[in-house]
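In: This is a predicted model, with the sequence first.
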Amino acid sequence: MTDNKKTRAKKSKNTSEKKSAIKTNDGQAKGWLSWCLRTFFKVCIAAFFTLIIVLIYLDAKVKKTFEGERWQVPVQVYGKVDTLHVGDEANLSHIAQELKLKGYKKVAKVSAPGQFAQSSHRLIIFQRAFTFAQGFMGAEPLTIEVENNHITALYVQHNVVPSIQLEPQLIARLVPDNKEDRELIVLQQVPAQLIDTLLLIEDRDFYHHSGVSPLGILRALYANMRAGRTVQGGSTLTQQLVKNMFLTRDRTLTRKAQEALMALILEFRYSKDQLLEAYLNEVYLGQNFAHGVYGFGLASNFYFGKNIAQLTNHEIALLIAQVKGPSYYDPRRHPKRAKQRRDLILRLMLEQDMLSLAEFKYAVNAPLSVTNKRQSRKKKYPAYLQLVNQELNELVSEDLRKSGIKVFTGFSHRSQQLVEQTINTQLPLLEKKYQQKSLQAAMVVSDISTGEVRALAGDRVSGFAGFNRALDAKRQIGSLIKPAIYLAALERFEQYNLATLLDDKAITLSRETGQNKKSDTQVSHLWRPKNYDGKYRGQVPLITGLVNSLNIPTVNLGMALGLDNVADAIHLLGYQQDITMRPAMLLGSMTMSPVEINQLYLPIAANGQYKKSHAITHIMSSQGETLWTYNDLQEQRLSNHGAYLLNYALGQVTQIGSAKSLSWRLPNNSVAGKTGTSNDLRDSWFVGYDAKHLVTTWLGNDDNKPTGLTGSSGALPLFADFMKAQGISDRKEHMPDGVIMLPFEQKTGLAVNEQCEGTTLYPAVAAGVRISKNCLQPKVDKRSWFEKLFSTS
């Protein structure tokens with residue numbers, strides 16, 4: 001019994017121990033499971049908060065980039081916007097030439113944007129969409145009707161309008177430092193066929209998914225397996241946009257996760273159209289030397305030299321082919337590959353009924369039609385663009401210059417072309433005639449009514465991008481200063497008029513003070529100016545001193561007026577720099593650039609109204625907002641009578657004065673101007689103008705050696721050659737109120753009645769002239785008794 005009890009007790013003890021161990025093991029298992037659950041829960045919470053933090057960070061990153069300045073976009077510089085009015089002079093051939101320069105194509109019948117048709121009296125233009133200063137204008141047909149070189153009717157669509165604006169020429173793209181070049185476009189500018197084809201190839205469910213498309217991945221996998229090669233991508237357009245805009249090209253899971261999250265954020269924050277427009281502007285589509293080509297807008301011009309609105313089906317397909325690999329499918333380097341990819345896209349377009357069978361056959365048999373060469377980054381008009389850059393630096397910040405602003409200028413391609421042709425033609429002829437070598441030239445052409453610079457050349461070589469003589473060459477201006485001196489006198493109409501006699505006798509002055517000196521002491525400080533021909537005429541009328549560019553009468557007049565008053569007149573015309581007050585300034589010893597001289601003559605050519613010479617007329621943001629507009633102050637700086645009398649005299653310069661060769665170079669035309677020649681014939685100048693254009697011309701040597709050319713023999717022929725090609729609008733001077741024609745005695749300079757001999761008619765301010773009743777010599781009636789008998793007077 002005792003043993004049984006012991007056995008039972010032992011068994012009971014073992015059972016108890018087993019149950020205790022089981023309980024212990026169960027407790028341990030439950031504790032481990034509880035720990036795992038707690039840990040998992042903590043990890044989930046940590047992951048959740050980490051995801052929230054990552055999403056907040058990514059959202060801020062997306063918002064900052066997408067709603068800020070997304071891209072550093074080149075400054076787009078445009079030429080002048082031509083505004084045509086009914087009644088304006090117009091040459092249809094010139095307008096057609098400008099259209100071709102803008103990439104328009106001449107056709108028999110206009111049917112699409114970028115085309116024009118021309119007849120003898122009509123020009124029909126299907127103008128491309130463009131954002132003007134007044135706002136966005138969609139693509140629409142315009143019609144210009146002309147009779148006798150004047151516009152008789154203008155139409156938009158089929159509606160009669162009083163005026164139209166023509167799309168300006170894009171003359172340059174000033175690429176930012178990051179070397180990315182793009183042309184921003186809005187969704188409305190993009191052909192529907194391009195959008196539909198892009199979505200077909202890259203993302204069919206774009207308007208239905210939320211940024212990531214599992215079905216799209218499966219469909220792309222199936223299409224690629226079926227074709228035996230990659231024909232579709234699995235990433236959505238939104239994911240591609242994220243990859244291009246925000247991320248690197250690393251193929252890691254972390255980057256793919258970021259890409260998916262940011263795609264979801266973009267889809268949540270922005271509309272599909274906003275995302276599609278961003279993609280069209282962001283996608284990389286090629287390489288133009290050191291500059292990447294981004295966006296379909298620029299790619300269209302890069303590959304085909306066309307505006308995006310003008311693309312054909314096969315060109316659209318070739319552009320979309322570049323999305324997959326711009327280097328691999330480069331049509332210039334690998335035309336066979338590019339054509340295969342293009343034709344595959346065309347076949348998919350046919351399968352989706354985006355093309356008819358006839359359209360497919362035509363497109364698939366079409367050549368690649370890309371332009372022969374990549375567009376060189378060398379700018380076509382570097383001298384003019386230097387002026388634009390100079391002004392741009394004063395008007396906008398560096399950051400703003402990277403935001404895709406549009407800069408509109410007064411540039412005229414036709415005027416620029418004619419300036420370059422003139423220099424190329426005339427300089428070799430002058431060098432041969434005067435036995436010169438390496439003559440240099442500069443020309444500036446301005447519109448008188450606005451002050452806008454139409455053309456500018458800073459070197460004899462077209463397209464030279466180095467030292468710009470028009471802007472930076474400071475040369476002695478010689479007799480070009482004389483109109484300012486005579487203006488100062490004519491504004492004082494009670495003291496001076498065109499007939500006022502000026503001494504033309506040998507004089508000796510102190511170089512510093514201008515005081516008259518009779519002894520030869522301190523010879524080094526004496527100044528003895530002479531006329532160009534070395535002759536002295538005793539006395540000459542004021543107008544003769546200017547018309548014949550006589551030095552001695554000019555010096556006498558300037559000294560009588562006072563150097564301060566002469567300097568005031570120079571500043572009044574627009575010269576900004578300080579002037580050293582020395583008598584030699586009266587004969588142009590001061591130095592100016594051609595652009596500064598051009599400014600000096602603008603108010604004179606504009607009949608006394610101050611015009612600031614400028615290239616830039618308008619600056620717009622990439623969104624079409626006006627950032628800056630040139631403000632024409634319309635300031636009348638010269639009196640009406642002073643401006644009229646000076647222009648009258650400068651008109652005589654071209655008829656009987658130092659520029660009289662223009663009377664046969666430009667026969668039957670009315671222009672005005674002034675020659676200028678510096679000491680020892682080192683600089684040859686001419687400034688001339690008709691009713692529309694002011695032209696400043698300089699010739700010289702960079703080493704400042706004599707050229708053997710005067711203003712009339714050197715610079716003047718260039719002016720004449722340019723004006724003949726440009727076309728001349730005759731000046732018609734309208735005599736202002738208070739100015740009348742009066743006879744003046746040549747020997748006394750006095751206004752007299754018509755019964756005096758030896759008189760010349762000059763315009764004069766009536767209030768400043770007292771008519772003398774006495775004549776040196778009364779007019780003798782030389783008619784015969786027979787003529788007197790039958791005379792009616």
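Out: Looks like it arrived, so ask away. Please read these numbers as outputs of a predicted model, since none were measured by experiment.
In: Domain-wise, how is the chain divided?
Out: 1-68, 87-161, 176-364, 739-790 (automatic domain parsing).
In: how about the ones you listed in TSV, adding distance to Lys535?
Out: For every residue, glycine as well, the C-beta is placed using N, CA and C. TSV is the format used below for those (distance: least, C-beta to C-beta, whole Å):
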stretch	distance to Lys535
domain 1-68	73
domain 87-161	45
domain 176-364	61
domain 739-790	18
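In: if you compare those, which one is most tucked away?
Out: Stretch with highest mean neighbour count among the domains of the chain: domain 176-364 (a mean of 18; mean count of other C-beta atoms under 10 Å).
In: Tell me how far the closest residue to Asp88 other than its chain neighbours lies from Ser412.
Out: Nearest residue to Asp88, sequence neighbours excluded (C-beta to C-beta, 6 or more residues apart in numbering): Ile151, at 5.1 Å. If you measure Ile151 against Ser412 using C-beta to C-beta, to the nearest Å, the figure is 18 Å.
In: And for Gly138?
Out: Gly138 is 26 Å from Ser412, by C-beta to C-beta.
In: hang on, the earlier thing: weakest of the domains of the chain by average pLDDT?
Out: Mean pLDDT values for the domains of the chain show the minimum at domain 1-68, a mean of 64.
In: helix or strand for the closest residue to Pro74 other than its chain neighbours, which one?
Out: The shortest distance from Pro74 to any non-neighbouring residue, by C-beta to C-beta, 6+ apart, is to Arg173 (4.2 Å). Using DSSP states H and E, Arg173 sits within strand 170-174.
In: What lies in contact with that strand?
Out: With C-beta atoms under 8 Å, 6 or more residues apart in numbering as the test, strand 170-174 has contacts from 74-79, 102, 181, 183, 379-381, 384-385, 388-389, 401, 409, 411, 413.
In: Output stretch 332-341 as PDB - backbone C-alpha positions only.
Out: The C-alpha trace of stretch 332-341 is given here as PDB (Å, rounded to 0.1, in the frame of the first residue of the first chain):
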ATOM      1  CA  ARG A 332      19.400  62.600 -88.300                       C
ATOM      2  CA  ARG A 333      21.900  60.000 -87.000                       C
ATOM      3  CA  HIS A 334      19.700  56.800 -87.200                       C
ATOM      4  CA  PRO A 335      17.100  57.400 -89.900                       C
ATOM      5  CA  LYS A 336      16.300  53.700 -90.400                       C
ATOM      6  CA  ARG A 337      15.500  53.100 -86.700                       C
ATOM      7  CA  ALA A 338      13.500  56.400 -86.600                       C
ATOM      8  CA  LYS A 339      11.500  55.400 -89.600                       C
ATOM      9  CA  GLN A 340      10.700  51.900 -88.200                       C
ATOM     10  CA  ARG A 341       9.500  53.400 -84.900                       C
END
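In: ok so, going back, so which of the domains of the chain gets nearest Thr500?
Out: domain 739-790 (5.5 Å; C-beta to C-beta).
In: Distance from the closest one to the middle of the chain?
Out: Here domain 739-790 is found 54 Å from its chain centre; the criterion is C-alpha atoms, centre = their mean, to the nearest Å.
In: same thing with stretch 527-539?
Out: Using C-alpha atoms, centre = their mean, the offset of stretch 527-539 from its chain centre is 46 Å.
In: Span of it from start to end?
Out: 21 Å (C-alpha to C-alpha, to the nearest Å).
In: Buried residues of that stretch, list them for me.
Out: Trp527, Pro529, Asn531, Tyr536, Arg537, Gln539 (16 or more other C-beta atoms under 10 Å).
In: outside of it, which residues touch it?
Out: So stretch 527-539 is contacted by 501-511, 549-552, 555, 583-584, 587, 677, 710 (C-beta under 8 Å, 6+ apart).
In: what do you get for stretch 99-119?
Out: Here stretch 99-119 has contacts from 92, 96, 123-129, 139, 141, 167-170, 301, 305-307, 309-310, 413, using C-beta under 8 Å, 6+ apart.
In: Can you tell me which of those residues end up in strands?
Out: Leu123, Ile124, Ile125, Phe126, Gln127, Pro141, Leu170 (DSSP state E).
In: Let me know the closest of those to Glu282.
Out: Of the ones in strands among the contacts of stretch 99-119, the one sitting nearest to Glu282 (C-beta to C-beta) turns out to be Leu170, at 20.9 Å.
In: Please name the bridge partners of the closest one.
Out: Tyr78 (DSSP bridges).
In: Tally up the residues packed near it, please.
Out: Per other C-beta atoms under 10 Å, the neighbour tally for Leu170 reads 17.
In: and what of the one 4 residues further on?
Out: For Leu174, the tally of surrounding residues (other C-beta under 10 Å) stands at 18.
In: List buried members of the contacts of strand 170-174 by neighbour count.
Out: 74-79, 102, 181, 183, 379, 381, 384-385, 388-389, 401, 409, 411, 413.
In: Point out where the stretch 401-550 of the chain drops to low pLDDT.
Out: 513-524 (pLDDT under 70).
In: in it, which spans are helices?
Out: 413-434, 469-472, 482-490, 542-547 (DSSP state H, counting those that start in this stretch).
In: will you turn those helices into a markdown table that also has distance to Tyr279?
Out: Formatted as a markdown table, those follow (distance: least, C-beta to C-beta, whole Å):
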| stretch | distance to Tyr279 |
| --- | --- |
| helix 413-434 | 34 |
| helix 469-472 | 42 |
| helix 482-490 | 59 |
| helix 542-547 | 66 |
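In: Do a quick rundown of the strands in the stretch 501-650 of the chain.
Out: Assigned by DSSP state E, counting those that start in this stretch, the stretch 501-650 of the chain shows strands spanning 501-504, 509-510, 526-527, 538-541, 591-592, 609-610, 616-620, 626-629, 635-636.
In: And for the stretch 101-250 of the chain?
Out: With DSSP E, counting those that start in this stretch as the criterion, the stretch 101-250 of the chain has strands spanning 105-106, 115-118, 122-127, 130-132, 135-137, 140-147, 150-156, 159-160, 163-165, 170-174, 180-182.
In: and of the ones you listed, who's closest to Gly758?
Out: Closest among the strands of the stretch 101-250 of the chain, using C-beta to C-beta: strand 150-156, at 46.2 Å.
In: Can I get that closest one in CSV, CA atoms only?
Out: Extracted in CSV, the C-alpha atoms of strand 150-156 (Å, rounded to 0.1, in the frame of the first residue of the first chain):
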residue,chain,number,x,y,z
HIS,A,150,-2.3,101.1,-100.2
ILE,A,151,-4.4,98.8,-98.1
THR,A,152,-8.1,99.0,-99.2
ALA,A,153,-9.6,96.3,-97.0
LEU,A,154,-8.7,94.0,-94.1
TYR,A,155,-10.6,90.8,-93.0
VAL,A,156,-10.4,88.5,-90.1
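In: what's the angle between that strand and strand 140-147?
Out: 160 degrees (axes from the mean of the first three to the mean of the last three C-alpha atoms, to 10 degrees).
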